[in-house]
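Participant: I'd like to go over a predicted model; first the sequence, then the structure.
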Amino acid sequence: MSLRHRLGAYLVLLHLLLFAATALLLKDRPLLFVGLETLLLLSLALGFALLRQALEPLGYTRRFHDLLQDQNYANQLAAPASRELDELVSLFNTMLAALHRERLAAGEQQGFLDRLLEATPSAVLVFDFDGAVSLLNASALSLLGLSEAQGKPLKAWVDGAAHFGPGLDARAQARSRDLVAQLDALPAGDTGLLTDTEGRRYRAQRGHFFDRGFARHFLMVEELTAELEDSERATYAKLVRVLAHEVNNTVAATRSVLDSLLFYRRQLGESDAADFTTAIEAVKRRNVSLGEFIDRFTRVVKMPAPELRPASIKAMVDDILWLSREQCARSSIRLGWRRCDEVAPLLLDAGLMEGALLNIVKNAIEAVLEKGASGGYVELSLEKHGAEAVLAVIDSADLLGAVAPRQLFTPFFSTKQGGQGIGLMFVREVLARHGLAYSLASTGHGETRFEIRFPLAP
């Protein structure tokens, strides 16, 4: 029973007792009885009126509670009939107005945050208190390809319990799984430079914020491949220019001095003159080799912008296979096409692209020769996959081992004994200037695969 009903029952019971007591006057003094009964009725009515006024704050409190429960902060409580409640109602209305303003501000901030998350090129993932993904933006979905990510921890994709998006092929899924594994292993509060299986580099940061007094973690991932390559390219270009200037000046001066020294061989005896000439010629050859070494680096740095014209990839590769067939035949290396689909001519700089493909095939042949196993092969594949053509150079050497993908295309790094690391640097520059995606990795089946993806014209 509510307080209103209990108080009402008390008033009614009290007045009933008084009515019963006045009934004793009915026989002896009827006029007094009528007067007292009238007073008691007025007293009961006044009691109920005072009870209603006394309990009016409870009604305002109940309406205030209903507004809070419905989160209807825009409404206001009506002005009370009695002045005693003015202060209470004013306080309730002030609280409702403050909550309404805070709700509007929170909504605007949330709207701004949602737009910011969708507009930022960085991938953002937010986790709940149990470490499961609760929010990810469009960049994260595009980068990682996580399908139906809400409510699942990153480990679910690493272990294979959760599936990637249907638009990812096996190669893209392997890349995403490797990147997700690195993100999942990133310690809280740490920032790291990550590299995926295709050599792209990312800066990842795991931070935290507090929600209702408890810490929640988030991840921010930003791709730095283009920025780092531009920075590296600028640094290497400056280094090569300095080296080329110093070496070329020295080589030119040394060549002149060596030519002058040959003038004095006639003043020596026959046996001494032969040794003298042989030594001078050896130094000159080494001088020429040094100049050619610097020139190879200079050609990479001073590479011209590609002049795009329609060119046939198949015809280009056929020429390279023809040039390399004698070397492979002498070494019992199988060289040829594994598969060749019909692909329309593509817009390429034929000179630059042919030089890049020649470097790739040459590296594959040298890798098979270095391994030394009989029955080696270098095979090429040209396949159409939807809106792109994929050219792959596959060799049986499988010498990459545990080499990090990002090391393969950096200058001065080489997996070959005595290699200078210029070839793959040249290849990277050519492909980057054409805007082509590429990858170099071990297939896991005893082969190394260099893959270039050419977009097809619609």
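Facilitator: Looks like it arrived, so ask away. Numbering: from 1, shown residues only.

Participant: what's the least confident helix or strand in the chain, going by average pLDDT?
Facilitator: Taking mean pLDDT, DSSP states H and E as the measure, the chain has helix 56-69 as its least confident helix or strand, at a mean of 70.

Participant: Give me the helices and strands touching the next helix or strand after that helix, please.
Facilitator: Counting by DSSP states H and E, the next helix or strand C-terminal to helix 56-69 is helix 86-119. In terms of contacts (3 or more CB pairs under 8 Å, 6 or more residues apart in numbering; DSSP states H and E), helix 86-119 is packed against helix 56-69. Glycine gets a C-beta too; all of them are placed from N, C-alpha and C.

Participant: residues near residue 20, how many?
Facilitator: 9 (other CB atoms under 10 Å).

Participant: Same question for the one 3 residues further on.
Facilitator: Residue crowding around residue 23 was assessed by other CB under 10 Å; the count is 12.

Participant: quick one: the closest residue to it other than its chain neighbours and residue 18, what's the gap?
Facilitator: Leaving aside its chain neighbours, residue 23 sits nearest to residue 33 (7.3 Å; criterion: CB to CB, 6 or more residues apart in numbering). Here residue 33 is placed at a distance of 12 Å from residue 18 (CB to CB, to the nearest Å).

Participant: same thing with residue 348?
Facilitator: From residue 348 to residue 18 the distance is 110 Å (CB to CB).

Participant: Give me the more crowded residue out of those two.
Facilitator: A count of neighbours by other CB under 10 Å puts residue 348 above the other of residue 348 and residue 18, at 23 against 16.

Participant: didn't that one look like it was pressed against residue 309?
Facilitator: Yes. Using CB atoms under 8 Å, residue 348 is in contact with residue 309, at 7.2 Å.

Participant: about what we covered before: residues contacting the host helix or strand of the residue nearest to residue 23, please?
Facilitator: For residue 33, the host element (DSSP H and E) is helix 30-54. Residues from elsewhere that reach helix 30-54 (CB atoms under 8 Å, 6 or more residues apart in numbering): 4, 7-8, 11-12, 15, 18-19, 22-23, 25-26, 82.

Participant: What subset of those residues is buried?
Facilitator: Neighbour counting by 16 or more other CB atoms under 10 Å classes 7-8, 11, 18, 22, 25 among the contacts of helix 30-54 as buried.

Participant: how about the nearest residue to residue 154, chain neighbours excluded?
Facilitator: Leaving out its chain neighbours, the residue that sits closest to residue 154 by CB to CB, 6+ apart is residue 184, at 4.1 Å.

Participant: buried stuff in the strand or helix carrying the one you found?
Facilitator: According to DSSP H and E, residue 184 maps onto helix 170-185. For helix 170-185, a neighbour-count test (16+ other CB under 10 Å) marks 171, 174-180, 182-184 as buried.

Participant: likewise stretch 145-153?
Facilitator: 145-146, 149, 152-153.

Participant: ditto for stretch 99-115
Facilitator: 99-100.

Participant: so how far is that stretch from its chain's centroid?
Facilitator: Stretch 99-115 sits 27 Å away from the centroid of its parent chain (CA atoms, centre = their mean, to the nearest Å).

Participant: before we move on, what about stretch 239-257?
Facilitator: 44 Å.

Participant: Helices of the protein, start to end?
Facilitator: 3-22, 30-54, 56-69, 86-119, 138-144, 155-158, 170-185, 225-261, 270-301, 313-330, 350-371, 423-434 (DSSP state H).

Participant: Can I get those helices in CSV including distance to residue 442?
Facilitator: Formatted as CSV, the helices of the chain follow (distance: least, CB to CB, whole Å):
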stretch, distance to residue 442
helix 3-22, 81
helix 30-54, 86
helix 56-69, 62
helix 86-119, 37
helix 138-144, 23
helix 155-158, 20
helix 170-185, 12
helix 225-261, 21
helix 270-301, 26
helix 313-330, 22
helix 350-371, 11
helix 423-434, 15
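
Participant: how about those, which one is nearest residue 387?
Facilitator: helix 170-185 (14.5 Å; CB to CB).

Participant: Does anything pack onto that closest one? Which helices or strands?
Facilitator: By 3+ CB pairs under 8 Å, 6+ apart, helix 170-185 packs against helix 138-144, helix 155-158, strand 191-195, strand 201-211.

Participant: so which of those comes closest to residue 367?
Facilitator: Across these, residue 367 has its closest neighbour in strand 191-195 (22.0 Å, CB to CB).

Participant: Now the closest one: buried residues?
Facilitator: Neighbour-count burial for strand 191-195 flags 194-195 (criterion: 16+ other CB under 10 Å).

Participant: for stretch 254-272, same thing?
Facilitator: For stretch 254-272, by 16+ other CB under 10 Å, it's residue 254.

Participant: Check what contacts it and list those residues.
Facilitator: Under CB under 8 Å, 6+ apart, the answer for stretch 254-272 is 273, 276-277, 280, 283-284, 287.

Participant: still on that earlier bit, what about the helix holding residue 33, average pLDDT?
Facilitator: For helix 30-54, mean pLDDT is 77.

Participant: How about stretch 266-278?
Facilitator: So the average pLDDT for stretch 266-278 ends up being 76.

Participant: Check stretch 325-339 too.
Facilitator: 90.

Participant: So what touches that stretch?
Facilitator: 321, 324, 365, 368-369, 374-383, 394.

Participant: Could you work out the end-to-end span of it for me?
Facilitator: Using CA to CA, to the nearest Å, one end of stretch 325-339 lies 18 Å from the other.

Participant: Pull the distance from it to the chain's centre.
Facilitator: Distance of stretch 325-339 from the chain centroid (CA atoms, centre = their mean) equals 41 Å.

Participant: how near is residue 256 to residue 344?
Facilitator: From residue 256 to residue 344 the distance is 54 Å (CB to CB).

Participant: should've said residue 352
Facilitator: Here the distance between residue 352 and residue 344 works out to 20 Å (CB to CB).

Participant: who's more crowded, those two?
Facilitator: With neighbours defined as other CB under 10 Å, residue 352 and residue 344 compare such that residue 352 has more, 20 against 11.

Participant: what number of residues lie near the closest residue to the more buried one other than its chain neighbours?
Facilitator: Leaving aside its sequence neighbours, residue 352 sits nearest to residue 430 (CB to CB, 6+ apart; 4.8 Å). Neighbour count for residue 430, taken as other CB under 10 Å: 25.

Participant: Run a quick check on residue 430 versus residue 350, I expect a contact.
Facilitator: No. Between residue 430 and residue 350 there is no contact, the gap being 11.3 Å when judged by CB under 8 Å.

Participant: so where is this structure shaky, pLDDT-wise?
Facilitator: 1-4, 53-60, 64, 68, 77-89, 296-297, 300-301, 373-374, 401-422 (pLDDT under 70).

Participant: Report the contact partners of the residue nearest to residue 154.
Facilitator: By CB under 8 Å, 6+ apart, residue 184 lies in contact with 153-155, 158.
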